[in-house]
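S.K.: Just need the structure, nothing else, for what follows:
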Amino acid sequence: KEGRTASPGWYNSAAFETQAHKDSLYAKSINGDAFSNEIKAQTLKLIKEDLGQIDLLIYSLASPVRTHPDTGERFKSVLKPIGSTFTDNTVDFHTGEVKEISIEPSSGDDIENTVAVMGGEDWQMWIDALKSADVLSKDFKTVAYSYIGPSLTEAVYRKGTIGRAKDHLEATAFKITDALKDLNGKAYVSVNKALVTQASSAIPVIPLYISLLYKVMKEEGVHEGCIEQIERLFSERLYGENIPLDDAGRIRIDDWEMRDDIQAKVLELWKRATTETLPEIGDLEGYRTDFFNLFGFDVEGVDYEADANEMVDIPGLQE
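M.R.: As a prediction, this is how the structure comes out:
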């Protein structure tokens, strides 16, 4: 609305579609609740009209809340450890202060609610809807993004409530693959590296870990941002002759992050991390820059004092 900006994602989508159309590439957006039956139906209609069938679907949906499309029940996820209080250091990346934080364990329906939001049920519902509508091509692939992380973060992440949701997501990949056998279709979970996102910045301990990790990975020449990582997923994994999988059937593009030498160096730095030492031993400035860039700030060459038009349309937006 005039006088009120949209979200960063809105402007990112608008810029992406504008450039895609200039390059004669297909790009359209649907704005709405991706968990809802209405948005699924709208997507099916668009695919039938424009494409006929699709050969790939990326499932990457970060949301703290989900309203179940069939029951109307509203679920809210939580980021909590399971069983006992978690205490360790984190950093306020706005101020640079390293401080101890404690997170109380999950209780009541926390685990079930988190699985309902961030598990694999909605992914399965999307694939079921697409398959029923006959819009999936032969050899169709679908990939859901996930994360495991190191022992430093496992209590609050992989062994916490969100980890249970990730377990459910990974189990769902096998169910989807079974359902796609007649198409020779496959469902994969891609375990990605630690990245600066709006979601990851809200998880305690993760900003400190990423600050140290990026320092080490940049020194070793193996650092990747979001785009570089996904380019490697496509070029070296998903569309290679053979897709290398781990023992749990997952694609691993966190392989550079989880190298033993990388993790050993991060662990050593973790023991030394304080408010005073972090600017030297970590990459806090790199973390801050990546975070603010997500929202369009601290971008080189932008005059932030200049007037801007907030009324930007997404060229291919489906109403």
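S.K.: who's in contact with V312?
M.R.: Contacts for V312 (C-beta atoms under 8 Å, 6 or more residues apart in numbering) come out as A6, W10, Y11, A14. Glycine gets a C-beta too; all of them are placed from N, C-alpha and C.
S.K.: Throw these into JSON lines and include distance to K40, neighbour count and pLDDT, thanks.
M.R.: Formatted as JSON lines, the contacts of V312 follow (distance: C-beta to C-beta, whole Å; neighbours: other C-beta atoms under 10 Å; pLDDT from 0 to 100):
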{"residue": "A6", "distance to K40": "24", "neighbour count": "15", "pLDDT": "93"}
{"residue": "W10", "distance to K40": "21", "neighbour count": "17", "pLDDT": "93"}
{"residue": "Y11", "distance to K40": "26", "neighbour count": "17", "pLDDT": "94"}
{"residue": "A14", "distance to K40": "24", "neighbour count": "18", "pLDDT": "95"}
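S.K.: And the strands in the stretch 1-150 of the chain?
M.R.: Chain-ordered strands for the stretch 1-150 of the chain, with DSSP state E, counting those that start in this stretch as the definition, fall at 29-30, 54-59, 65-67, 74-76, 86-92, 97-103, 136-146.
S.K.: In its sheet, which strands sit next to the fourth one, and in what direction?
M.R.: Strand 74-76 has these partner strands in its sheet, going by DSSP bridges: strand 65-67 (antiparallel).
S.K.: which residues are in contact with the strand it pairs with?
M.R.: D33, F35, S36, E73, R74, F75, K76, S77, A116, V117, D122.
S.K.: any idea of the pLDDT on the nearest residue to the second one once chain neighbours are set aside?
M.R.: Okay, so that is F35. Spatial nearest neighbour of F35, chain neighbours left out: R66 (5.0 Å); criterion: C-beta to C-beta, 6 or more residues apart in numbering. Per-residue pLDDT puts R66 at 98.
S.K.: Quickly list what R66 is bridged to.
M.R.: Beta-bridge partners of R66, as defined by DSSP bridges: F75.
S.K.: Look at it and say how many residues are nearby.
M.R.: Look at R66: counted by other C-beta atoms under 10 Å, it has 23 neighbours.
S.K.: now M258
M.R.: Neighbour number of M258 under other C-beta under 10 Å is 15.
S.K.: Quick check: the gap between the residue lying closest to M118 once chain neighbours are set aside and S201.
M.R.: In space, and not counting its chain neighbours, M118 is closest to A165: 3.7 Å by C-beta to C-beta, 6+ apart. Counting by C-beta to C-beta, to the nearest Å, the gap from A165 to S201 is 19 Å.
S.K.: N184 now?
M.R.: 39 Å.
S.K.: got the phi/psi numbers for S63?
M.R.: Dihedral pair for S63: phi -150, psi 140, per degrees, to the nearest 10.
S.K.: so what's it up against?
M.R.: A34, F35, V117.
S.K.: Just the buried ones from those?
M.R.: Buried members of these, scored by 16 or more other C-beta atoms under 10 Å, are F35, V117.
S.K.: Export the contacts of S63 as TSV, with columns for pLDDT.
M.R.: Conversion of the contacts of S63 to TSV gives the following (pLDDT from 0 to 100):
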residue	pLDDT
A34	95
F35	97
V117	97
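S.K.: shaky segments in the chain?
M.R.: Within the chain, no stretch has pLDDT under 70.
S.K.: Show me where it has its helices.
M.R.: 8-22, 37-50, 110-118, 121-132, 161-179, 206-220, 226-232, 260-272, 278-281, 284-294 (DSSP state H).
S.K.: which stretch among those comes nearest P150?
M.R.: P150 lies closest, by C-beta to C-beta, to one member of the helices of the chain: helix 260-272, at 5.5 Å.
S.K.: ok, back up a step: of A165 and S201, give the one with the bigger neighbour count.
M.R.: A165 (22 against 15).
S.K.: ok, that one touching V117?
M.R.: Yes - A165 sits in contact with V117 when judged by C-beta atoms under 8 Å, with a separation of 7.1 Å.
S.K.: who are the neighbours in contact with V299?
M.R.: V299 neighbours (C-beta under 8 Å, 6+ apart): N293.
S.K.: would you turn the contacts of S63 into TSV with distance to A144?
M.R.: Output for the contacts of S63, formatted as TSV (distance: C-beta to C-beta, whole Å):
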residue	distance to A144
A34	13
F35	15
V117	14
